[in-house]
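>>> Quick check, what structure comes out for this input:
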Amino acid sequence: MIEIDLAGRVAIVTGGGRGVGRGISERLLEAGAEVLICGRKRPETLPAAGGRQAIFAEADVRELEAIARVVALAGERFGRLDVLVNNAGGSPAAPAATASPRFSEKIIHLNLVAPLHFAQQANAVMQGQPEGGSIVNVASVSGARPSPGTAAYGAAKAGLLSLTQTLAVEWAPKVRVNAVTAGMIETELAHLHYGVGEARARVAASIPLGRLGTPRDVGDVCVFLASPLASYVSGASILMHGGGERPAFLGAAGDPTPR
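Down below sits the predicted model:
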């Protein structure tokens, strides 16, 4: 196995204590990075790997003052900031016809506005470092296809993909900005979207690679984007969805395609 060495690098992972964020944090730790995670609640156990443990800062990423505190803590504790992973996000299901304006605004703020604000403050630090830095936005296939039941979330993730491209142009050459467009991922909340038991198995079988993704899969891509191996990758969206979803017409036609 080829291992990427991020020793001496410092990373912030928003929402890094559970789910996809925890997988990202653990992979960065395994690669040798120091990791600072933030969230509204401290996880029962902190991510740990490679002989290191993440440190935690309580913060609601929708609040500018909280973002500033997290970025300042990275500087105070480690003296630098090399990687920001904008992972915090998500949305409960809500029909677009009846979702309240306040609900929609909060979802868009969490999934689009907050990553912009965090990226701005991280960029201010990275631009002053000789090595610059890397910002990774965790996006979703919901931003690139219809997102029924989570319309505001899908729209916000679409905006995040556009934001990624724009910031990559504005902040080059010091700071690289990329996105990971994740598909269906197995987390502790997966049952809310993909069901359980046989229902979950049917969802997994609809993916060409035959399984849901894992938080570690997302972490692997984030480690790559944070590393020198991606030194010429910026403004990109890496689509990691196991091959996507088989077109509905195939099932309606009796799925005549060869496997």
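>>> When you work out contacts or count neighbours from here on, use the C-alpha atoms and nothing else.
Will do.
>>> Could you report the distance from residue 115 to residue 14?
9 Å (Cα to Cα, to the nearest Å).
>>> what sits in contact with each of these two?
Applying Cα atoms under 8 Å, 6 or more residues apart in numbering, one finds that residue 115 and residue 14 are jointly contacted by 61, 86.
>>> How are the strands of the stretch 151-259 of the chain distributed by residue range?
175-182, 237-240 (DSSP state E, counting those that start in this stretch).
>>> tell me what the shortest one is packed against?
Packed against strand 237-240, as judged by 3 or more Cα pairs under 8 Å, 6 or more residues apart in numbering; DSSP states H and E, are the following elements: strand 175-182.
>>> Extract the CA atoms of the strand it packs on and return them as PDB.
The C-alpha coordinates for strand 175-182 follow below in PDB (Å, rounded to 0.1, in the frame of the first residue of the first chain):
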ATOM      1  CA  VAL A 175      -3.900  28.000  -2.000                       C
ATOM      2  CA  ARG A 176      -5.400  25.100  -3.900                       C
ATOM      3  CA  VAL A 177      -9.200  24.600  -3.500                       C
ATOM      4  CA  ASN A 178     -10.900  21.400  -4.500                       C
ATOM      5  CA  ALA A 179     -14.100  19.500  -3.800                       C
ATOM      6  CA  VAL A 180     -15.000  15.900  -3.100                       C
ATOM      7  CA  THR A 181     -18.400  15.100  -4.600                       C
ATOM      8  CA  ALA A 182     -19.500  12.200  -2.500                       C
END
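>>> What pairs with that strand, parallel or antiparallel?
Applying DSSP bridges, strand 175-182 is found paired with strand 133-140 (parallel), strand 237-240 (parallel).
>>> deepest of these, which one?
strand 133-140 (a mean of 28; mean count of other Cα atoms under 10 Å).
>>> for the stretch 51-200 of the chain, which spans come out with low pLDDT?
Along the stretch 51-200 of the chain, segments meeting pLDDT under 70 span 189-195.
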